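*Asks:* Test case, fold it:
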Amino acid sequence: MKPQIANTIKIISTLAMTSALALVGWNLSLHLNNQSLPPNLQSIFWLASIALTAHGIEGFIAAIKASSGDQNPFTYGIYTFFVGFIGLKELFDN
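*Replies:* Reported below is the predicted structural model:
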């Protein structure tokens, strides 16, 4: 993969995961006050939840793989959580 494309994916993925975390946090705070998200954001909330779950699994895999090598598992797990598959690819290519 070209480095420019990989960097673009990393930026977009980081922004998407940060936005997804914000949306889930907002939904949680609304539920604590017995409110709910506007109906037009419900489908985006579920898509964000699926993306967060997938990236969480990728981050967990990266942490396990990094601990078997010379990488810091916590740092690499968080990095892979935010950048997604590109982080796993970088880890396995090394």
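
*Asks:* what's the neighbour count on Ser68?
*Replies:* Using other CB atoms under 10 Å, Ser68 has 8 neighbouring residues. For every residue, glycine as well, the C-beta is placed using N, CA and C.

*Asks:* That one and Ile61, how far apart?
*Replies:* Going from Ser68 to Ile61 by CB to CB, to the nearest Å gives 11 Å.

*Asks:* what is in contact with these two at once?
*Replies:* With contacts taken as CB atoms under 8 Å, 6 or more residues apart in numbering, Ser68 and Ile61 have no neighbour in common.

*Asks:* the bottom helix or strand of the chain by mean pLDDT?
*Replies:* Sorting the helices and strands of the chain by mean pLDDT, DSSP states H and E puts helix 85-93 at the bottom, at a mean of 90.

*Asks:* Show me what counts as buried in it.
*Replies:* Across helix 85-93, burial judged by 16 or more other CB atoms under 10 Å covers 86-88, 90-91.

*Asks:* Relative to the whole chain's centre, how far out is whatever helix or strand Thr53 lives in?
*Replies:* Assessed by DSSP states H and E, Thr53 sits inside helix 42-68. Here the centre of mass of C-alpha atoms in helix 42-68, compared against the chain's by CA atoms, centre = their mean, to the nearest Å, lies 5 Å away.

*Asks:* With stretch 73-91 instead?
*Replies:* So, by CA atoms, centre = their mean, the centroid of stretch 73-91 is 9 Å from its chain's centroid.

*Asks:* Not counting that stretch itself, show me its contacts.
*Replies:* With contacts defined as CB under 8 Å, 6+ apart, stretch 73-91 is touched by 1, 6, 9-10, 13-14, 17-18, 54-56, 58-67, 69, 71.

*Asks:* Let's see that with 6 Å instead.
*Replies:* 6, 9-10, 13-14, 17, 55, 58-59, 62-63, 65-67 (CB atoms under 6 Å, 6 or more residues apart in numbering).
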